[in-house]
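**Q** Could you work out the structure for the sequence below:
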Amino acid sequence: MGYVDVAGAGHTLPDGRELFADVSFRVGEGAKVALVGPNGAGKTTLLKMVAGDIPAQTGAVARSGGLGVMRQFIGMIGDDRTLADLALSLVAPPLTAAGERLARAEAALTADPEAEKAQLAYANALAHWGEAGGYEAEVLFDTVSTLVLRLPWEQCRQRPVRTLSGGQQKRFALELLLRGSDEVLLLDEPDNFLDVPGKRWLESRLRESAKSVLFVSHDRELLANTADRVVAVEGGSAWTHPGGFASWHEARASRHERLEETRRRWDEEHVKLRELVLTLRNKAAFNDGLASRYQAAQTRLRKFEEAGPPPLPPKDQAVKMDLRGGRTAKRAVMCEQLELEGLTYPFDVEIWYGDRVAVLGANGTGKSHFLRLLANLDPSLGGVAPVAFAGSARLGARVRPGHFSQTHDRPELTGVTLVDALWRGDEHRRGLDRAGAIKALNRYELAGQGDQRFGTLSGGQQARFLVLLMELSGATLLLLDEPTDNLDLASAEALEEGLKGFDGTVVAVTHDRWFTRSFDRFLLFNRDGDVVETPEPVWDV
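**A** Down below sits the predicted model:
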């Protein structure tokens with residue numbers, strides 16, 4: 001069985017800031033260990049360190065057994081990788097190399113079928129593929145594609161990853177890793193994009209698996225149902241709670257109390273030692289017999305200060321989302337016989353000013369398409385992929401949509417720092433000078449990332465920044481596609497509070513069972529194409 005040992009690991013960012021230091025923990029054989037902590041604390045960096053993507057700048061990482069890794073974002077808009085490329089990226093490196101060699105040889109043979117050199121290269125690549133375990137892998141790929149896509153591998157291996165829903169991408173990757181031979185799995189937000197039945201499936205599979213799993217998640221129910229141990233990355237280091245997530249909050253509060261008490265005692269002792277040194281110095285000036293005691297007290301104080309104070313508890317996040325909105329017509333959204341092409345039957349829905357509508361349903365039923373359609377009703381919004389539909393969809397007077405994409409696909413932010421993005425402004429958002437930008441970023445706990453490029457942020461930091469852009473745009477209709485997927489606990493709670501005070505209408509696609517409780521209307525997209533309103537959330541469809 002495989003395991004992971006992290007000992008004294010540290011990482012410093014390119015700008016010189018220390019992300020974390022002296023991080024030590026173990027993922028024992030068959031253990032399920034959750035990494036939790038604020039967005040940007042270094043959870044994904046730690047996973048990359050364990051995966052070998054980046055070196056441990058200090059300390060060491062040891063692991064045993066084959067290693068399977070699933071990244072936070074698998075397929076993005078504009079990504080031309082095929083399902084075969086994705087499958088090869090999830091298997092052992094020797095098999096990946098053999099598969100890539102075979103793909104190149106196939107392409108060369110297709111380009112010139114009569115070339116003897118191409119034929120020989122293909123034969124050698126095919127033999128190497130078999131020796132590396134390629135034929136066994138193809139059996140696995142076929143099993144997974146049949147389970148997830150209900151198609152044999154040969155029919156879907158060349159399908160672009162971007163044509164699969166986010167849930168299908170995650171299910172494919174998770175099935176392949178959980179059924180594969182790797183004994184250690186690193187999973188970054190494995191539940192993102194999964195619907196609630198998919199999350200329950202993941203919980204069951206993780207509990208049943210004999211593999212050692214280190215994973216990052218912000219889904220409180222999944223954490224409570226799967227984690228044997230919790231490693232909290234916060235305050236520039238990490239600590240391990242040996243119990244599950246259900247008792248982690250209590251353990252964290254107790255730990256903070258102990259840290260505060262230890263620091264209080266250290267401060268008291270520091271004051272006493274300084275007072276002793278000062279007293280002995282004054283007395284030694286008139287009594288030579290006290291000189292040795294004075295020197296000893298100085299030495300004791302110096303060693304005490306060199307050892308340094310014990311750490312304080314990490315400061316709790318104070319994210320404040322000031323979502324204001326504005327008064328609109330009574331009817332914010334009007335849809336009559338709306339039919340999303342190839343996804344739904346015609347349906348009617350009216351959404352009134354002030355409504356909080358949760359859009360529920362399985363992956364692939366058209367929920368995200370519905371949000372994109374509403375966003376495209378305002379041509380000035382821009383950057384939202386078009387949706388084919390029939391019927392009628394209209395926005396009410398003074399309704400200005402703001403769209404939050406689950407995949408954070410904002411090409412215009414590529415390579416742009418947060419301060420620059422706020423300085424530029426757009427058609428609905430005035431530009432901010434540096435002082436104004438930093439002030440706004442500070443409310444979202446992003447001031448320290450002001451000069452960082454958007455693409456280098458963690459998933460949760462990106463999500464917070466996108467919400468800030470919506471806030472500054474003056475949107476009166478918030479179209480949120482899985483907004484809590486990458487948010488840490490404090491940020492998710494801040495979003496819930498921000499939405500409570502929002503003077504406008506909210507339509508959100510979500511599979512977050514906790515977040516859904518704050519909504520008052522529920523629009524269900526069924527697998528059979530029917531779209532209906534339900535009095536309570538419905539998950540098992």
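**Q** By neighbour count, which bits of the host helix or strand of Cys335 are buried? Give me those.
**A** For Cys335, the host element (DSSP states H and E) is strand 331-340. The neighbour-count check on strand 331-340 (16 or more other CB atoms under 10 Å) flags Arg331, Ala332, Val333, Met334, Cys335, Leu338, Glu339, Leu340 as buried. C-beta coordinates here come from the backbone N, C-alpha and C atoms, glycine included.
**Q** Okay, buried residues for the helix ranked longest in the chain please.
**A** As assigned by DSSP state H, the longest helix anywhere in the chain is helix 248-284. By 16+ other CB under 10 Å, the buried positions in helix 248-284 come out as Trp248, Ala251, Arg252, Leu259, Leu273, Leu276, Val277, Leu280, Ala284.
**Q** The second one and Ala318: what is the separation?
**A** Pointing back at Ala251 there. Separation of Ala251 from Ala318 (CB to CB, to the nearest Å): 22 Å.
**Q** ditto for the fourth one
**A** Computed with CB to CB, the distance linking Leu259 and Ala318 is 19 Å.
**Q** Kindly report the same for the third one.
**A** In this structure, Arg252 and Ala318 are separated by 17 Å, where distance is defined by CB to CB.
**Q** could you give me the average pLDDT of the longest helix of the chain?
**A** The average pLDDT for helix 248-284 rounds to 92.
**Q** For the most centrally placed residue in the chain, give me its contacts.
**A** Per CA atoms, centre = their mean, the C-alpha nearest to the average position across the chain is that of Asn486, at 3.6 Å. Contacts for Asn486 (CB atoms under 8 Å, 6 or more residues apart in numbering) come out as Asn39, Gln72, Glu189, Asn192, His218, Ser458, Gly459, Gly460, Gln462, Ala463.
**Q** if I pick the fifth one, what's in contact with it?
**A** It stands for His218. His218 sits in contact with Val36, Glu189, Gly460, Thr484, Asp485, Asn486, Leu487, Asp488, Leu489, Ala492, where contact means CB under 8 Å, 6+ apart.
**Q** check which helix or strand covers the closest residue to the third one other than its chain neighbours.
**A** To tie it back to what came earlier, the one meant is Gly460. Distances taken as CB to CB, 6 or more residues apart in numbering place Asn39 nearest to Gly460, at 2.7 Å, with adjacent residues excluded. Following DSSP H and E, there is no helix or strand that holds Asn39.
**Q** and Asn39, how many neighbours?
**A** Counted with other CB atoms under 10 Å, residues neighbouring Asn39 total 25.
**Q** wait, what's in contact with it?
**A** Asn39 neighbours (CB under 8 Å, 6+ apart): Ser458, Gly459, Gly460, Gln461, Ala463, Arg464, Asn486, Leu487, Asp488, Ser491.
**Q** Pick the one among those residues closest to Lys439.
**A** Minimum distance to Lys439 across these is 15.1 Å, recorded for Arg464 (CB to CB).
**Q** quick one, phi/psi of the closest one?
**A** Main-chain dihedrals, Arg464, degrees, to the nearest 10: phi -60, psi -40.
**Q** I'd say it and Ala490 touch.
**A** No. The pair Arg464 and Ala490 fails to qualify as a contact (CB atoms under 8 Å) at a distance of 10.4 Å.
**Q** who touches both of those two?
**A** By CB under 8 Å, 6+ apart, the residues touching both Arg464 and Ala490 are Val319.
**Q** who has more neighbours, these two?
**A** Shown here are Arg464 and Ala490; by other CB under 10 Å, Arg464 has more neighbours (28 against 16).
**Q** excluding its backbone neighbours, what's nearest the more buried one?
**A** Tyr444 (4.7 Å).
**Q** mind listing what the closest residue to Val319 other than its chain neighbours touches?
**A** With sequence-adjacent residues excluded and distances taken as CB to CB, 6+ apart, Val319 is closest to Ala494, at 3.8 Å. The neighbours of Ala494, taking CB under 8 Å, 6+ apart as the test, are Gln317, Val319, Lys320, Met321.
**Q** What helix or strand is Ala494 located in?
**A** helix 489-500.
**Q** Give the buried residues for that helix.
**A** Buried residues in helix 489-500 (16+ other CB under 10 Å): Leu489, Ala490, Ser491, Ala492, Glu493, Ala494, Leu495, Gly498, Leu499.
**Q** Just after it, pick out the following helix or strand.
**A** Downstream of helix 489-500 (by DSSP H and E), the next one is strand 505-509.
**Q** by how many degrees do that following strand and strand 331-340 diverge?
**A** 30 degrees (axes from the mean of the first three to the mean of the last three CA atoms, to 10 degrees).
**Q** so what strands line up beside strand 505-509?
**A** When pairing is defined by DSSP bridges, strand 505-509 lines up against strand 356-361 (parallel), strand 477-481 (parallel).
**Q** got a list of what Ala9 touches?
**A** Contacts of Ala9 (CB under 8 Å, 6+ apart): Phe20, Asp22, Val23, Ser24, Leu46, Met49, Ala56, Thr58, Gly59, Ala60, Val61.
**Q** Mind pulling up the pLDDT for the nearest residue to Pro411 once chain neighbours are set aside?
**A** Excluding its sequence neighbours, the residue lying closest to Pro411 (CB to CB, 6+ apart) is Gly383, at 7.2 Å. Listed pLDDT for Gly383 reads 73.
**Q** What of Gly75?
**A** 58.
**Q** what bits of the protein have low per-residue confidence?
**A** 73, 75-79, 541 (pLDDT under 70).
**Q** Domain map for it?
**A** 3-249, 250-307, 331-534 (automatic domain parsing).
**Q** so which strand or helix has Gly10?
**A** Going by DSSP H and E, Gly10 is in strand 3-12.
**Q** Would you confirm that Asp530 contacts Tyr345?
**A** Yes. At 5.9 Å, Asp530 and Tyr345 qualify as touching, with contact defined as CB under 8 Å.
**Q** Can you add distance to Ala173 and give the buried residues of helix 248-284 back as JSON lines?
**A** Listed next are the buried residues of helix 248-284 as JSON lines, based on distance: CB to CB, whole Å:
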{"residue": "Trp248", "distance to Ala173": "27"}
{"residue": "Ala251", "distance to Ala173": "32"}
{"residue": "Arg252", "distance to Ala173": "31"}
{"residue": "Leu259", "distance to Ala173": "39"}
{"residue": "Leu273", "distance to Ala173": "57"}
{"residue": "Leu276", "distance to Ala173": "63"}
{"residue": "Val277", "distance to Ala173": "62"}
{"residue": "Leu280", "distance to Ala173": "67"}
{"residue": "Ala284", "distance to Ala173": "72"}
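**Q** where do the strands sit along the stretch 1-150 of the chain?
**A** Using DSSP state E, counting those that start in this stretch, the strands of the stretch 1-150 of the chain run over 3-12, 18-27, 32-36, 58-64, 67-70.
**Q** that older thread, can the domains of the chain go into TSV with extra columns for distance to Asp540?
**A** Listed next are the domains of the chain as TSV, based on distance: least, CB to CB, whole Å:
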stretch	distance to Asp540
domain 3-249	6
domain 250-307	32
domain 331-534	9
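**Q** From Glu533, how far out is the closest residue to Ala390 other than its chain neighbours?
**A** In space, and not counting its chain neighbours, Ala390 is closest to Glu339: 4.5 Å by CB to CB, 6+ apart. Separation of Glu339 from Glu533 (CB to CB): 17 Å.
**Q** what about Lys367, how many neighbours?
**A** 29.
**Q** before we move on, what about Thr146?
**A** By other CB under 10 Å, the burial measure for Thr146, its neighbour count, is 14.
**Q** ok, it touching Pro152?
**A** Yes. Contact criterion CB under 8 Å: Thr146 and Pro152 qualify, at 6.2 Å.
**Q** re the thing from before, ok, and for the strand holding Gly10, which residues are buried?
**A** Buried residues in strand 3-12 (16+ other CB under 10 Å): Tyr3, Val4, Val6, Ala9, Gly10, His11.
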